[in-house]
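Chemist: here's a sequence, model it:
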Amino acid sequence: MSETFEGPAAARPAYSGGYKAWVLAILVAVCTSNFIDRTIVSVLGEAIKADLKLADWQLGVLGGLSFAVFYTVLGIPIARLAERRNRVKIIAASVFVWSLMTALCGGAAVYWQLLLCRIGVGVGEAGCTPPSHSVISDYFGPDRRATALSIYSLGIPLGHLFGALAGGWIAMTLDWRVAFVLVGVPGMVLAVVVRFGIKEPPRGNAEPGRPAADTAPPFKDVLKVLFRQRAFIHLAIGAGLVSFVGYGVGQFISPYLVRAFGFDYAQAGLVLGLIGGVSAGIGTLMGGPIADWAAKRDLRWYAWTPAVGLVIAAPLYMLGYLQTDARLAVAILLIPGLFHYLYLGPTFGVVHSMVEPRMRASTTALLLLILNLIGLGLGPSAVGALSDLFAAHLFGGFGLGEFTAACPGGRAPPGGAAALADACSYSLATGLRYAIVASLFVLFWAAAHFWLASRTLRQAIAHGAGGA
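Modeler: Presented below is the predicted three-dimensional model:
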């Protein structure tokens, strides 16, 4: 395949720092909207569970597998389209679709209708991150890419923060259905801002000395480039395992606070926002700059930074979730997010340096496919299933069917004895606590893969710099 620049270097636009900051700000808003729409199911989970009389495994499917399958599978063909067509238009269309489907969730009367709407959200969000990462990498060069992608990824904790605060308050004062509508409608407006507020940059614009293929390479070439690099394989598995914990535990933080400490939805939303927004936000924002700075001395810090962060975060999370005092638990849980989310910017930034410009959207989509099938697809469902099993055992060694019959929707039937109600509440709260703590051991496994990635990371980056 011949390789050329996409236009002469002299003809390439020289974007100002202010304009690049504007583009990044809009894409942060897109990422924030993306994760508000994901977080809202977790925040409203207990209200949805009670209204529709669901089990925890159904909540897990609603927030995980139903969304993840379509989100991850469609991410590949949309990314391939983004290698050939206008990425800004693809992002704008995606924002509109997922926002519309989120608003329609508010009209669901039964579980299957809500499930279909969440599938629609997943279809829309499949077109968000791969083209966004590709655009950012054409505005920011390799030495600033991890930082720029960390800033973009700040939309994840911001989405958790706004979704938790707004969703919890709306559920308390109005209704969980209204919450879906009120977070979906602004996204449709944002889609218009994206379409007319961002210019499509030339491919490889941030790396004038590096060739960009004149056409998008076949997907099999992308797979060959990536999967012959052990560093990429370990980074992908490590990120997937981190995502397993992040999505699995994140889906049940709000229900856990309601069950274990008697928080109302607004209080649970506030705490979820602080844990998933402020703490994780600082960690996300700092991961890229720390790795970019340390990598000037040794490129392996792009993998070491996540590994060290995870080893610190895991025991802190466990300590927090094992507390029985609400204030102490919340105080401790504000800390580990600072270390947990250091992985985002370095991971995505360094894999973009392993490939040439027209492979970047596909690389992001492939990484997200692995990350989300492991994390979003399995995490919430696994934690939910573990919670149900632990709860049934704590209730008296019953099978899941007997426990569900005794405590439909996690509560004793109306008119039941007080002792039965207490037993149901204790089993649900403690079962979920054990499920969360058990899942946190996966973070140590993830850290091991980031360390293994560091062993061949320099060779992988050198290969990419030589022209994939």
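Chemist: any idea where the strands of the stretch 201-350 of the chain begin and end?
Modeler: Under the criterion DSSP state E, counting those that start in this stretch, the stretch 201-350 of the chain carries strands at the ranges 212-213.
Chemist: which parts of it are helices?
Modeler: If DSSP state H, counting those that start in this stretch is used as the criterion, the helices of the stretch 201-350 of the chain fall at 219-227, 230-250, 253-261, 265-273, 280-295, 301-321, 326-333, 337-340, 344-352.
Chemist: stretch 134-145: end-to-end distance?
Modeler: 11 Å (Cα to Cα, to the nearest Å).
Chemist: if I pick the most centrally placed residue in the chain, what's in contact with it?
Modeler: Most central in the chain under Cα atoms, centre = their mean is residue 156, positioned 6.3 Å from the mean C-alpha point. Residue 156 makes contact with 31, 35, 280, 284, 341, 344 under the criterion Cβ atoms under 8 Å, 6 or more residues apart in numbering. Where you see a C-beta, it was placed from the backbone N, CA and C, and this is true even at glycine.
Chemist: try it again with 10 Å
Modeler: By Cβ atoms under 10 Å, 6 or more residues apart in numbering, the contact set of residue 156 is 28, 31-32, 34-35, 38-39, 246, 276-277, 280-281, 284, 341, 344.
Chemist: quick revisit: the helices of the stretch 201-350 of the chain: which one's closest to residue 394?
Modeler: Closest approach to residue 394 among the helices of the stretch 201-350 of the chain (Cβ to Cβ): helix 253-261, 12.4 Å.
Chemist: now the element after the helix-or-strand element of the chain with minimal mean pLDDT, going C-ward?
Modeler: For the chain, counting by mean pLDDT, DSSP states H and E, strand 3-4 ranks last in confidence among helices and strands (a mean of 38). Sequence order places helix 17-43 as the next helix or strand after strand 3-4, per DSSP states H and E.
Chemist: so what does the following helix or strand past that following helix touch, helix or strand wise?
Modeler: Going down the chain from helix 17-43, the next helix or strand is helix 45-52, by DSSP H and E. Contacts defined by 3 or more Cβ pairs under 10 Å, 6 or more residues apart in numbering; DSSP states H and E place helix 45-52 against helix 56-63, helix 111-125, helix 155-173, helix 176-197, helix 253-261, helix 265-273.
Chemist: closest to residue 424 out of those helices?
Modeler: With Cβ to Cβ as the measure, helix 253-261 is the member of the helices and strands packed on helix 45-52 nearest residue 424 (10.1 Å).
Chemist: which residues of the stretch 201-350 of the chain score low on pLDDT?
Modeler: Applying pLDDT under 70 to the stretch 201-350 of the chain picks out residues 208-214.
Chemist: what separates stretch 217-224 from the chain centre, distance-wise?
Modeler: Distance, stretch centre to chain centre, for stretch 217-224: 25 Å (Cα atoms, centre = their mean, to the nearest Å).
Chemist: show me what counts as buried in that stretch.
Modeler: 217, 219, 221-222 (16 or more other Cβ atoms under 10 Å).
Chemist: picking up where we left off before, let me have the helices of the stretch 201-350 of the chain in CSV, extended by distance to residue 59.
Modeler: Listed next are the helices of the stretch 201-350 of the chain as CSV, based on distance: least, Cβ to Cβ, whole Å:
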stretch, distance to residue 59
helix 219-227, 34
helix 230-250, 12
helix 253-261, 8
helix 265-273, 14
helix 280-295, 21
helix 301-321, 18
helix 326-333, 21
helix 337-340, 22
helix 344-352, 25
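Chemist: what's the most buried one of those helices?
Modeler: helix 344-352 (a mean of 28; mean count of other Cβ atoms under 10 Å).
Chemist: against which helices or strands is that helix packed?
Modeler: helix 129-139, helix 142-153, helix 230-250, helix 280-295, helix 301-321, helix 360-374, helix 442-454, helix 457-465.
Chemist: and the angle for the first one with helix 344-352?
Modeler: Between the axis of helix 129-139 and that of helix 344-352 there is an angle of 80 degrees, by axes from the mean of the first three to the mean of the last three Cα atoms, to 10 degrees.
Chemist: now do helix 129-139 and helix 360-374, the angle between them.
Modeler: 140 degrees.
Chemist: off-centre distance for helix 129-139?
Modeler: So, by Cα atoms, centre = their mean, the centroid of helix 129-139 is 17 Å from its chain's centroid.
Chemist: what of the fourth one?
Modeler: Remark: helix 280-295 is offset 17 Å from the chain centroid, using Cα atoms, centre = their mean.
Chemist: how far off helix 265-273 does that helix point, in degrees?
Modeler: 0 degrees.
Chemist: check which helices and strands helix 280-295 sits against.
Modeler: helix 142-153, helix 155-173, helix 301-321, helix 337-340, helix 344-352.
Chemist: low-confidence stretches in the stretch 351-468 of the chain?
Modeler: For the stretch 351-468 of the chain, counting by pLDDT under 70, the residues that fall below are 397-406, 408-420, 464-468.
Chemist: so which of the helices of the stretch 201-350 of the chain comes closest to residue 455?
Modeler: Of all these, helix 230-250 comes closest under Cβ to Cβ, at 7.6 Å.
Chemist: could you pull up the residues touching the closest residue to residue 47 other than its chain neighbours?
Modeler: Closest residue in space to residue 47, ignoring its immediate chain neighbours: residue 176 at 4.3 Å, by Cβ to Cβ, 6 or more residues apart in numbering. With contact taken as Cβ under 10 Å, 6+ apart, residue 176 is in contact with 40-41, 43-48, 50-52, 105-106, 167, 170, 265.
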